[in-house]
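> Structure for this input, please:
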Amino acid sequence: MITPVCVIHGGAGTILRTKISAAQEAAYLSALTQILRAAQKCLLQGGSALDTVELAVSLLEDCELFNAGKGSVYTAAGTHEMDAAVMDGSQLAAGAVAGVSTLRNPVKAARLVMEKSPHVLLAGSGAEAFASKHGAETAAPDYFHTDFRYQQWLQARQQNRVMLDHQARPIDEDRKMGTVGAVALDQHGNLAAATSTGGMTNKLAGRIGDTPIPGAGCYADNRTAALSATGTGEAFIRSVALHDISARMRYLNETLTVAASQVVMHSLPAVQGSGGIIGVSATGEICLSFNSEGMYRGLVRGASAPEVAIYRDN
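Numbering: from 1, shown residues only. Model (predicted):
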């Protein structure tokens with residue numbers, strides 16, 4: 001039996017101790033810990049890696065601290081447009097949704113696309129209709145409203161800019177990345193990954209980032225690793241960052257840590273990319289690599305206590 005592992009993230013950015021209160025820090029750490037405990041329970045009871053990452057990301061979507069699902073940011077049109085993806089490393093199977101506005105848990109819809117359709121990616125109203133037909137829970141627009149996100153959008157409109165977003169005030173307003181994700185290795189040696197996001201504050205309606213694109217924002221291959229990204233989506237797309245990590249592991253025999261470091265610290269900055277990646281390899285190697293000041297992150301291995309962190313020096 002393989003020792004199961006789950007790693008999660010809640011986004012990366014300029015996360016400084018001077019910009020976060022003790023209460024805010026405690027809230028993030030508590031949320032990450034509780035979600036990891038739920039994922040751990042799933043894995044220890046024999047749950048699959050795919051079930052585990054779907055569970056973890058759906059819980060992150062339900063928590064308004066994070067820019068996904070309930071906590072999603074506003075577009076320039078004053079709406080919510082969310083993206084999500086899942087990938088099963090045992091089959092290289094993937095499913096994704098993009099630009100959805102009525103699905104309570106986009107990650108669950110992404111799995112439905114993977115398992116119930118012949119396609120990988122569905123967008124907009126077509127994705128919503130498909131997911132709803134197959135039992136996905138929908139929500140009215142006001143479900144996704146939070147006062148903080150609304151005020152954030154008003155500020156962005158006033159300043160006439162698009163903001164890479166993360167969850168709340170501790171993030172530098174000019175350097176925020178908001179995405180959530182999970183990767184897992186189960187007892188049977190299978191890998192899976194899931195990623196979900198509300199996108200960028202005041203983004204153009206219809207903008208799609210890296211999250212729903214396999215190899216860019218979400219990737220899993222039993223031969224190498226399961227990976228989830230957060231950061232400047234366009235840079236992750238242009239560099240096909242996660243597939244690059246997997247390819248370096250396969251063709252150069254690099255470890256997950258070495259491959260991820262090369263991409264995060266060198267390849268991404270070369271195309272003005274900032275952010276981070278979480279990963280777990282087929283051998284159980286864990287990676288939490290980021291080129292920003294911090295990343296909301298955590299991991300759990302076997303029956304050990306969850307470990308959570310925010311800042312670079314944790």
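
> Tell me how far stretch 248-255 lies from the chain's centre.
Between the centre of stretch 248-255 and the centre of its host chain there is 24 Å, according to C-alpha atoms, centre = their mean, to the nearest Å.

> Revised request: answer the last question for stretch 223-234.
Here the centre of stretch 223-234 is set off from its chain's centre by 8 Å, with C-alpha atoms, centre = their mean.

> Same question for stretch 104-122.
16 Å.

> Stretch 67-79 too?
Once both centres are worked out by C-alpha atoms, centre = their mean, stretch 67-79 turns out to sit 15 Å from its chain's centre.

> mind listing what's buried in that stretch?
With burial defined by 16 or more other C-beta atoms under 10 Å, the residues of stretch 67-79 counted as buried are 67-76. For every residue, glycine as well, the C-beta is placed using N, CA and C.

> Ok, stretch 277-294 next?
Along stretch 277-294, these residues count as buried under the neighbour rule (16+ other C-beta under 10 Å): 277-282, 285-294.

> How about stretch 107-127?
Within stretch 107-127, the residues that qualify as buried by neighbour count (16+ other C-beta under 10 Å) are 107-114, 120-123, 127.

> one step back: which of the buried residues of stretch 277-294 lies closest to T201?
Nearest to T201, judged by C-beta to C-beta, of the buried residues of stretch 277-294 is S292 at 17.2 Å.

> part of a strand, is that closest one?
No: read with DSSP: H, G, I helix; E, B strand; the rest coil, S292 is coil and lies in no strand.

> Could you measure from it over to H9?
As defined by C-beta to C-beta, to the nearest Å, S292 lies at a distance of 12 Å from H9.

> Longest strand of the protein, counting residues only.
strand 5-15 (DSSP state E).

> May I have that one exported as PDB, CA atoms only?
Extracted as PDB, the C-alpha positions of strand 5-15 are listed here (Å, rounded to 0.1, in the frame of the first residue of the first chain):
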ATOM      1  CA  VAL A   5      -0.900  12.400   0.000                       C
ATOM      2  CA  CYS A   6      -2.900  15.500  -0.600                       C
ATOM      3  CA  VAL A   7      -1.600  19.000  -1.200                       C
ATOM      4  CA  ILE A   8      -3.800  22.100  -1.600                       C
ATOM      5  CA  HIS A   9      -3.300  25.800  -2.400                       C
ATOM      6  CA  GLY A  10      -5.500  28.900  -2.100                       C
ATOM      7  CA  GLY A  11      -3.500  31.200  -4.300                       C
ATOM      8  CA  ALA A  12      -0.200  33.000  -4.300                       C
ATOM      9  CA  GLY A  13       0.900  36.700  -4.200                       C
ATOM     10  CA  THR A  14       2.500  39.400  -2.200                       C
ATOM     11  CA  ILE A  15       1.400  38.000   1.200                       C
END
